[in-house]
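Asks: sequence and predicted structure below; questions after.
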Amino acid sequence: METLYIIKIGGNIIDREEALHAFLASFASLPGKKILVHGGGKLATQLAQKMGVEQQMVDGRRITDAETLRIVTMVYAGYINKNIVARLQANGANAIGLSGADANLIRAHKRQHPSIDYGFVGDIDTVNEKFLRSVLEQDLVVVAAPITHDGNGILLNTNADTIAQEIAKAMSTSYRVQLIYSFEKKGVLLDVEDDNSVVSRIDPDAYAALKQQQRIFAGMIPKLDNAFSALQNGVDKVIIGKAEELHELIAGTTGTTITQ
């Protein structure tokens with residue numbers, strides 16, 4: 001089976017132009033098949049403020065009303081996505097930018113919650129694995145924006161971490177998938193104040209022991225739960241670390257590698 005790299009980047013890279021350019025040069029130089037999933041960064045919030053559209057966050061998640069949906073679609077699936085595609089072209093990587101609505105790539109449904117109305121926020125139902133495979137076989141690099149659709153003409157704002165995970169699970173039937181989550185820390189840390197306290201490798205037994213000892217930062221637990229969910233659904237390897245160290249992450253010389 002051929003290796004497929006699926007890499008998720010967020011605001012810590014997107015919001016810093018020089019860091020984004022350096023990362024995309026590094027990403028473009030990766031050999032083989034690859035998919036880049038990006039989040040939104042601060043630009044949508046800044047644009048909403050300029051337009052006088054009030055933003056609501058609940059537990060770090062954006063409430064997406066109709067006006068906010070227009071803004072995030074323009075910013076995420078428009079400016080950010082195409083800016084990344086253009087920069088990859090400049091680095092010799094023939095890229096195509098897609099939202100979940102394009103070619104029915106990601107079908108989702110409006111989130112249902114007993115007490116919170118998240119508005120136009122989507123939870124994923126299906127990924128069009130056949131279409132993605134056909135694109136990758138043309139030696140195109142896929143750049144996926146965090147916008148999905150419900151099949152009835154409604155666009156939905158969808159968490160980029162979840163998109164990366166669901167694409168990774170779907171593609172694991174055809175490729176040996178390595179899923180890489182990049183964020184501002186060097187990996188899973190035993191001490192959040194010490195960037196050198198990286199746990200280099202975690203399997204289910206080590207994870208259970210670290211949780212029992214309360215040595216895992218609470219904010220990292222959902223990421224790790226998602227990582228193990230991906231592994232249980234066919235993904236070969238999950239790596240967490242800094243986007244600026246992409247090649248070292250893949251080589252296993254930095255970051256945290258999560259295995260079964």
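Replies: Alright, I've got the coordinates. Just so you know, these numbers come straight off a predicted model, no measurement behind them. Numbers count the residues shown, from 1 in each chain.

Asks: all contacts plus neighbour counts: C-alpha atoms, from now on.
Replies: Fine.

Asks: buried sites along the host helix or strand of residue 246?
Replies: In this structure, residue 246 sits in helix 246-251 according to DSSP states H and E. Taking 16 or more other C-alpha atoms under 10 Å as the neighbour-count basis, helix 246-251 is seen to contain the buried residues 246, 249, 250.

Asks: for stretch 252-260, same thing?
Replies: So for stretch 252-260, counting by 16+ other C-alpha under 10 Å, buried means 254, 255, 256, 257, 258, 259.

Asks: out of those, what pair is the most spread apart?
Replies: Greatest spatial distance among those (C-alpha to C-alpha): 254 and 259, at 15.1 Å.

Asks: follow-up on the earlier one: how about the buried residues of stretch 252-260 in a markdown table, adding distance to residue 77?
Replies: Converted to a markdown table, these look like this (distance: C-alpha to C-alpha, whole Å):
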| residue | distance to residue 77 |
| --- | --- |
| 254 | 31 |
| 255 | 29 |
| 256 | 30 |
| 257 | 30 |
| 258 | 30 |
| 259 | 32 |
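
Asks: from these, which has minimum pLDDT?
Replies: Checked by pLDDT, the buried residues of stretch 252-260 have residue 259 as the lowest-scoring entry (87).

Asks: give the buried residues for stretch 159-178.
Replies: Buried, per 16+ other C-alpha under 10 Å, within stretch 159-178: 159-172, 175-178.

Asks: now swap in stretch 219-233 and tell me
Replies: Buried, per 16+ other C-alpha under 10 Å, within stretch 219-233: 223, 224, 227, 228, 230, 231, 233.

Asks: may I have stretch 3-23 as CSV, with CA atoms only?
Replies: Presented in CSV, the C-alpha positions along stretch 3-23 are these (Å, rounded to 0.1, in the frame of the first residue of the first chain):
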residue,chain,number,x,y,z
THR,A,3,1.6,6.1,1.9
LEU,A,4,-0.8,9.0,2.1
TYR,A,5,0.1,12.0,4.3
ILE,A,6,-2.9,13.9,5.7
ILE,A,7,-1.8,17.0,7.5
LYS,A,8,-3.9,19.5,9.5
ILE,A,9,-2.8,23.0,10.1
GLY,A,10,-4.5,25.7,12.2
GLY,A,11,-4.4,29.3,13.1
ASN,A,12,-1.0,29.2,14.7
ILE,A,13,0.4,28.8,11.1
ILE,A,14,-2.3,30.4,9.0
ASP,A,15,-2.2,33.7,10.9
ARG,A,16,1.5,34.1,10.4
GLU,A,17,2.4,34.7,6.8
GLU,A,18,6.1,33.9,7.0
ALA,A,19,5.4,30.7,9.0
LEU,A,20,2.8,29.7,6.5
HIS,A,21,5.0,30.2,3.5
ALA,A,22,7.9,28.2,5.2
PHE,A,23,5.5,25.4,6.1
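
Asks: give the buried residues for that stretch.
Replies: Neighbour-count burial for stretch 3-23 [16+ other C-alpha under 10 Å]: 3-14, 20-21, 23.

Asks: just these now: which is nearest residue 35?
Replies: Nearest to residue 35 among the buried residues of stretch 3-23, with distances taken as C-alpha to C-alpha, is residue 6, at 4.8 Å.

Asks: wait, that closest one touches residue 168, no?
Replies: Yes: applying C-alpha atoms under 8 Å, one finds residue 6 in contact with residue 168, separated by 6.7 Å.

Asks: quick check: neighbours shared by these two?
Replies: 177, 178, 179 (C-alpha atoms under 8 Å, 6 or more residues apart in numbering).

Asks: pLDDT weak spots in the stretch 101-250 of the chain?
Replies: Across the stretch 101-250 of the chain, nothing is flagged by pLDDT under 70.

Asks: quick check: residue 206 is in a helix.
Replies: Yes: assignment of residue 206 by DSSP: H, G, I helix; E, B strand; the rest coil places it within a helix.
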